[in-house]
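J.: After the sequence you'll find the predicted model.
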Amino acid sequence: MDNKMFCFQCEQTAGCSGCTGCAGVCGKSADVANLQDKLTGSLIGLAGEIKNNVPSAEEKKLIIEGLFTTITNVNFNESTIKTMIDKIHSISGGADYDMTNIWNADEDIRSLKSLILFGIRGMAAYAYHAMVLGYEDETVDAFFVEALNAIGQDLGMDDLLPIVMKVGEVNFKCMGLLDTANTKSYGNPVPTEVSLTIEKGPFIVVTGHDLLDLKMLLEQTKDKGINIYTHGEMLPAHAYPELKKYSHLKGNFGTAWQNQQKEFADIPGAVLFTTNCLMPPKPSYKDRVFTTEVVSFPDVIHIGEDKDFSPVIKKALELGGYDSDRKMTGINGGNTVMTGFAHKSVLDNAGAIVDAVKAGDIKHFFLVGGCDGARPGRNYFTEFVKQTPSDSIILTLACGKYRFNDLDLGKIGDFPRIMDMGQCNDAYSAIKVAVALSEAFGCSVNELPLSMVLSWYEQKAVCILLTLLYLGIKNIKLGPTLPAFISKNVLDFLVENYNIAPTTTVEQDLSELLG
């Protein structure tokens, strides 16, 4: 493969086939892309060294951080990637796997190995967030080693398919681990209305997924006259009792991650990136951007393991914020959004929901969510939600919800028609609710009046999709395009066994899903 780089792990990959030039669509350079391949190859080499042993704490941490580093829009920094490779080589001895063996492989083998690799990259993000809260699982840790070893071996389709499904199985366990970590640390989310108004005075915008980083920042900014606003996947933080108790956690700024270059262009506040979804910062606001954890960008101040957020605080005070309150809106003009409909808050009302279904007040549930992105056609998800019948409930999660979460679709009884269940990892909540409803009605999940219409962008969406398939959930609509790394034969397998299908038009899909 004679390219400057090769990457096709995200939905916006060039030409729906692969980024091969001087830079990827995400903004990473060919040099960074090739270093990420080298990092992955070093992880496969490390896994080969320890496959017959229980990985040490250092080895587990390196594997999880290394996989997380290679997720789309996380790390654009050659220096930090090289440092991580050196750490891995200090343990493994440098016996790296050559990733071109995968990219040049038979398309079906390449497809299955890509599903495994991209799936465990997404799962590593969830394992990381649980790990920093002190929650780990031996099965999850061992599977990272098993999966990396499988990627580096000469295996056929019959050997790889069960491992693909096992990614979904172990990711379900990993999402459950993170759910426990978050709820034990911060309490169970409760339905919460979140303002989109930015109040006057100094402020910091926190984006990403890591709730611990937000908690530490809230502690360090107490009584300093600085307001904190969430952005993107951090929105659900407002629903956790141990986070919402901070009076200076004010509201949510902006919409989905791909709009940040426009929305951050001239704000008089500091921005902290805790996980992926970093767009290359423009010069107009680069001086007010800060990163932490595995997120890294050249010439951007990084907050290290000491978690001293003083530089972020100093910048926020220096910028001063707005002179008066700024009323912001969502994509559709709404001034507030709701969040906090995680599994406990929904299941505490399961009886009323079942009664509403039996009475005919609720006739259908739609799970419409996933990763958002900039490719044209994603307004499909907005239009889909707008056109859902008034007797239906829309469950949503992840940043795809910003397409429609500020819409006022009214209520059915006491239940708002749009229920935000949280971050992408909170697909676990959606699954728990679906299983509970199936038990209440004495049927399988696939027999429920429930349809899943999912948007995807990066690798966490891949592992969630594999989890849904592992659980036997069928008839999923996926868009706006199907992954470039799924070969025709693998797609045929998914269609035949799970009836997975691409989104088409809103009208056609609604007609099909509602029967």
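T.: Great, that's in hand. Since the model is a prediction, treat every value here as computed from it, not as a measurement. Numbering: from 1, shown residues only.
J.: M99 versus L35, what's the distance?
T.: 11 Å (Cβ to Cβ, to the nearest Å). Quick note: C-beta positions are derived from backbone N, CA and C, even for glycine.
J.: actually S310, sorry about that
T.: 39 Å.
J.: Neighbour count: those two, which is higher?
T.: Taking neighbours as other Cβ atoms under 10 Å, S310 and M99 compare with M99 leading, 21 against 9.
J.: For K411, see how far away the more buried one is.
T.: Taking Cβ to Cβ, one finds M99 at 51 Å from K411.
J.: Likewise for P483?
T.: Note on P483: its distance to K411, by Cβ to Cβ, is 36 Å.
J.: Kindly report the same for I313.
T.: To K411, I313 is 40 Å away according to Cβ to Cβ.
J.: before we move on, what about T183?
T.: In terms of Cβ to Cβ, T183 sits 26 Å off from K411.
J.: Which of those two has more residues huddled nearby?
T.: More neighbours surround T183 than the other of T183 and K411, with 17 against 11 (other Cβ under 10 Å).
J.: Contacts only, for that one.
T.: 189, 344 (Cβ atoms under 8 Å, 6 or more residues apart in numbering).
J.: what helix or strand does it sit in?
T.: T183 belongs to helix 157-186 when elements are defined using DSSP states H and E.
J.: Please state the offset of the helix or strand following that helix from the chain centre?
T.: Next along the chain after helix 157-186, taking DSSP H and E as the criterion, comes strand 192-195. On the basis of Cα atoms, centre = their mean, to the nearest Å, strand 192-195 sits 21 Å off its chain's mean C-alpha point.
J.: Equivalent analysis for stretch 474-492, please.
T.: The answer for stretch 474-492 is 19 Å, by Cα atoms, centre = their mean.
J.: quick one: buried residues of that stretch?
T.: Across stretch 474-492, burial judged by 16 or more other Cβ atoms under 10 Å covers 476-487, 490.
J.: what's the first-to-last distance across it?
T.: Across stretch 474-492, the terminal residues are separated by 14 Å (Cα to Cα, to the nearest Å).
J.: repeat for stretch 370-379
T.: End-to-end distance (Cα to Cα), stretch 370-379: 14 Å.
J.: mean confidence score for that stretch?
T.: Per-residue pLDDT over stretch 370-379 has a mean of 91.
J.: now what about that stretch, what contacts it?
T.: So stretch 370-379 is contacted by 10-12, 256-258, 397-400, 402-403, 424, 454-458, 460-461, 464, 479-481 (Cβ under 8 Å, 6+ apart).
J.: Quick check: the gap between the most centrally placed residue in the chain and S195.
T.: With distances taken as Cα atoms, centre = their mean, C424 lies nearest the centre of the chain, 4.5 Å away. Distance check for C424 against S195: by Cβ to Cβ, it reads 23 Å.
J.: what do you get for V354?
T.: Distance of V354 to S195, computed by Cβ to Cβ: 33 Å.
J.: again, but for P283
T.: For P283 relative to S195 (Cβ to Cβ), the value is 30 Å.
J.: cool, P281 as well?
T.: 26 Å.
J.: okay, those two: which has more neighbours?
T.: When P281 and S195 are compared for neighbours, P281 comes out ahead with 22 against 16, by other Cβ under 10 Å.
J.: what kind of secondary structure is the more buried one in?
T.: coil (DSSP: H, G, I helix; E, B strand; the rest coil).
J.: Also the one 3 residues further on?
T.: Using three-state DSSP as the criterion, the local structure at S284 reads coil.
J.: cool, and the one 3 residues further on?
T.: Per three-state DSSP, the local secondary structure of D287 is helix.
J.: and it, what does it touch?
T.: K315.
J.: Give me the local confidence score for it.
T.: 97.
J.: Just the ones in strands from the buried residues of stretch 474-492, please.
T.: Counting by DSSP state E, the part of those found in strands is 477-479.
J.: between the residues you listed, which is nearest V294?
T.: Proximity of those to V294 (Cβ to Cβ) peaks at L478, which lies at 27.4 Å.
J.: roughly how far apart are that closest one and R121?
T.: 18 Å.
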